[in-house]
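In: Following is a predicted model, sequence given first.
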Amino acid sequence: MQRAGSKIITLAMAFTLGLIPSAQALQVDPSGNNIEVPTAKIVGGSNIGISQAPWQVALISAYSSNNYQGQFCGGSVVSREWIVTAAHCVSGKTPADFIVLAGTAVLNESGLSGNTVKRIMVHPTWNSTTIEGDVALIQLTSPLTLSTGQIEKINIPSSKPAGATQAKISGWGSTWFADSSSSFSYDWNNTGKKYPKNLQGATVNVGNDSLCTSLLGSSNYKPISMLCAGLVDINLDFIVDACQGDSGGPLATSVGGKWYLSGIVSWGFGCSWLTPGVYTNVANYSNWITTNAIPVKYGVTYNVNGSSSGSVPIDLASPYEPSTVVTLLGNSGNLQRTGYNFAGWNTEPNGSGTSYAATGINTFTIGASAVTLYAQWTIRSFTVTYGANGGTEGSVPLDVASPHQYNSAVTVLSNTGNLGRTGYTFAGWNTELNGSGTSFTASGSESLTMGATAVILYAQWLIEPEFAVAQAAAAQAAAEAAAAADLASRTVTVNNKFAVKALAQQVGVPIVSPKAKVTFKVARSSARICAKSGSKLKTKKTGNCVVTFTVQEPKPKGGKKPKAKKTVKTLVIQ
């Protein structure tokens, strides 16, 4: 059966000649006449998956019975709503005449399927005689759902690729080629099965303009609006080219890991014949394409809005096309603000815009303007309590207004509970127990500024003179009693022998376990006063005897043996 008409040529040249893009939409027969030909395919290519050219789409006649029979041209996805193709593919057509199939490498024969068309824009310089300005835009009724490896946008270049640049071509056009005028004919009804169901792909080399002009003629090849590409064999015959049905499809080049639509399959002298294929030089029309088809993207940024530490999250997917659903980021940079809790984001600094919670998954649809999301903060409150700090009677006041907001003024209460302390006079409050902090009187007229932590105000006391004297006397008496007790414990009789463990316990050597082993050593300076006699201490003369006791506690069950501890004591021999 006959397929819809329009052609593409795909050529790729080897060697360092830097050869030519082959793409045909309109073909020129050996007599020099332009003829419209049926759908064409890559000549010299092979089956590829859609992941190898995920920007490739098929233009399919709406009047055909299925996608395979209806495919007449190709195109490339440049945004979710827009397709770039050749002007000769859609000139004179209406949006109702065809559909656009994206995301698949296989043309089925079981019916029509694809995206409907809303609008067609043919470049204003399109000239069907000179084939200049062979570029057009197709706007889809509904945006495509982009998916990595299936439907992806291809970038628009700002400059023409240099000669010898390797490029990738793809399409569903004819795989048949003509190499002489005698065989220049086309399989209109596909009786030879020259039109593939599976997407074809091939690699070609871009030709430099001087070579393209030489091969194609200066009256045909226009370096500003066109480029050529192909692949030749050892006999300089073109063996890879685009053909009927490939028109409007992509010639893609890779720069820095990104793919660019450098050419659009346009025209040629036959398919994989004596000359390279000719492609529309997309860079020459980049402003027109981007202005009309590639929407301006808008950024999403985050603002600290008064934070004291941390950092805002960075949206690596920004900027976005209008109508894109944006997922808000969490507080990944741990933004903090003294005295406040992070409470999410808002489109206005003062929180009067749209709010988004601090937790969970939150989304919004971006419009035609940039969005700044400001951190939102809820003020924290902290308690103020009072400490008796040794008070023996009465009670501390209770701040019924506590907790208080950060940075607010808090009235320091007076001694309403008649807090007292024996021998002392109440002297106000302080933020530290020992009075080294901030002091406040008990007048009830002072205030403090609430910080970012809870506050305890401790009662402060001035000792009364009489009580101070009594306390000093009591302390002196206690010290004297302790000294006397210590001396008594260290006093032993002369001309006697003492068991070392019992003696150690008597003089206050720390011993924990009854099974602890105690040894001792007499200082050399005390040798005439006391001495070691077996496991006992023998006192020989009156005077002071310096003894070092060593206590070895037993090893605990399942544990390590503890380190021995030494204690020096001076015994008084009387």
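Out: Perfect, I can see it now. Not measured: the values here are computed from a predicted model.

In: For the one residue sitting closest to the centre of the chain, give its distance to Lys297.
Out: The residue lying closest to the centre of the chain (CA atoms, centre = their mean) is Leu316, at 6.0 Å. Noted for Leu316: a distance of 14 Å to Lys297, by CB to CB, to the nearest Å. In this view, the C-beta of every residue, glycine as well, is placed from N, C-alpha and C.

In: Could you report the distance from the residue nearest to the centre of the chain to Val300?
Out: 11 Å.

In: next one: Lys501
Out: For Lys501, the distance to Val300 - CB to CB - is 80 Å.

In: One more: Lys197?
Out: 43 Å.

In: Same check on Val326?
Out: Plainly put, Val326 is 6 Å away from Val300 if you go by CB to CB.

In: Pull up the overlap in contacts between these two.
Out: Common contacts of Val326 and Val300 (CB atoms under 8 Å, 6 or more residues apart in numbering): 315, 320, 366, 371.

In: Can you pick out the most distant pair from those residues?
Out: Asp315 and Ile366 (10.8 Å; CB to CB).

In: export the helix or strand hosting Val100 as PDB, just CAs?
Out: Element membership for Val100, per DSSP states H and E: strand 98-102. Extracted C-alpha coordinates of strand 98-102, given in PDB (Å, rounded to 0.1, in the frame of the first residue of the first chain):
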ATOM      1  CA  PHE A  98      -2.200  14.500  11.100                       C
ATOM      2  CA  ILE A  99      -1.200  13.300  14.600                       C
ATOM      3  CA  VAL A 100       2.200  13.000  16.300                       C
ATOM      4  CA  LEU A 101       3.400   9.800  17.800                       C
ATOM      5  CA  ALA A 102       6.100  10.000  20.500                       C
END
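
In: In terms of secondary structure, what does it contact?
Out: The contact analysis (3 or more CB pairs under 8 Å, 6 or more residues apart in numbering; DSSP states H and E) places strand 98-102 against strand 56-61, strand 71-77, strand 117-122.

In: right, and these - which one's nearest Pro465?
Out: The nearest among the helices and strands packed on strand 98-102, by CB to CB, is strand 71-77 at 95.4 Å.

In: just to revisit the earlier point, now do the shared contacts for Asp315 and Ile366.
Out: Shared contacts of Asp315 and Ile366, counting by CB under 8 Å, 6+ apart, come down to 300, 326.

In: hmm, back to that, name the residue in Lys197 and Val300 with the higher neighbour count.
Out: Val300 (20 against 15; other CB atoms under 10 Å).

In: where are the low-confidence patches of this protein?
Out: 1-44, 176-194, 232-239, 241, 272-273 (pLDDT under 70).

In: show me where it has helices.
Out: 67-70, 87-90, 209-216, 286-293, 465-490, 500-506 (DSSP state H).

In: Let's have those helices in JSON lines, adding distance to Ala427.
Out: Below are these laid out as JSON lines (distance: least, CB to CB, whole Å):
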{"stretch": "helix 67-70", "distance to Ala427": "95"}
{"stretch": "helix 87-90", "distance to Ala427": "94"}
{"stretch": "helix 209-216", "distance to Ala427": "97"}
{"stretch": "helix 286-293", "distance to Ala427": "79"}
{"stretch": "helix 465-490", "distance to Ala427": "14"}
{"stretch": "helix 500-506", "distance to Ala427": "47"}
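
In: Check those for me and report the most buried one.
Out: helix 87-90 (a mean of 28; mean count of other CB atoms under 10 Å).

In: can I get the shared contacts of Val326 and Val300 in JSON lines with distance to Cys271?
Out: Below are those laid out as JSON lines (distance: CB to CB, whole Å):
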{"residue": "Asp315", "distance to Cys271": "48"}
{"residue": "Tyr320", "distance to Cys271": "42"}
{"residue": "Ile366", "distance to Cys271": "46"}
{"residue": "Val371", "distance to Cys271": "51"}
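
In: between these, which is nearest Glu109?
Out: Glu109 has its nearest neighbour among the shared contacts of Val326 and Val300 in Tyr320, at 39.0 Å by CB to CB.

In: What is the neighbour count of that closest one?
Out: Neighbours around Tyr320, by other CB under 10 Å: 20.

In: Excluding sequence neighbours, find me the nearest residue to it.
Out: Excluding its sequence neighbours, the residue lying closest to Tyr320 (CB to CB, 6 or more residues apart in numbering) is Ile366, at 4.9 Å.

In: Likewise for Phe364?
Out: Spatial nearest neighbour of Phe364, excluding adjacent residues (CB to CB, 6+ apart): Val326 at 5.7 Å.

In: Roughly how far does Lys557 sit from Val106?
Out: 78 Å.

In: higher neighbour count, the two?
Out: Per other CB under 10 Å, whichever of Lys557 and Val106 has more neighbours is Val106, with 15 against 5.

In: how distant is stretch 373-392 from the center of its chain?
Out: Chain-centre distance of stretch 373-392: 36 Å, with CA atoms, centre = their mean, to the nearest Å.

In: what comes up buried for that stretch?
Out: Buried residues in stretch 373-392, defined by neighbour count with 16 or more other CB atoms under 10 Å: 373-377, 380, 382, 384, 386, 388-389, 391.

In: cool, and stretch 338-356?
Out: 339-340, 342-346, 351, 356.

In: Check stretch 524-538 too.
Out: 526, 529-530, 537.

In: separation between the closest residue to Pro556 other than its chain neighbours and Val547?
Out: Distances taken as CB to CB, 6+ apart put Pro562 closest to Pro556, at 7.8 Å, once the chain neighbours are dropped. Separation of Pro562 from Val547 (CB to CB) stands at 22 Å.

In: quick one on the thing from earlier: could you dump the buried residues of stretch 338-356 to CSV with distance to Gln471?
Out: CSV is the format used below for those (distance: CB to CB, whole Å):
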residue, distance to Gln471
Gly339, 43
Tyr340, 48
Phe342, 53
Ala343, 55
Gly344, 59
Trp345, 62
Asn346, 62
Gly351, 59
Tyr356, 64
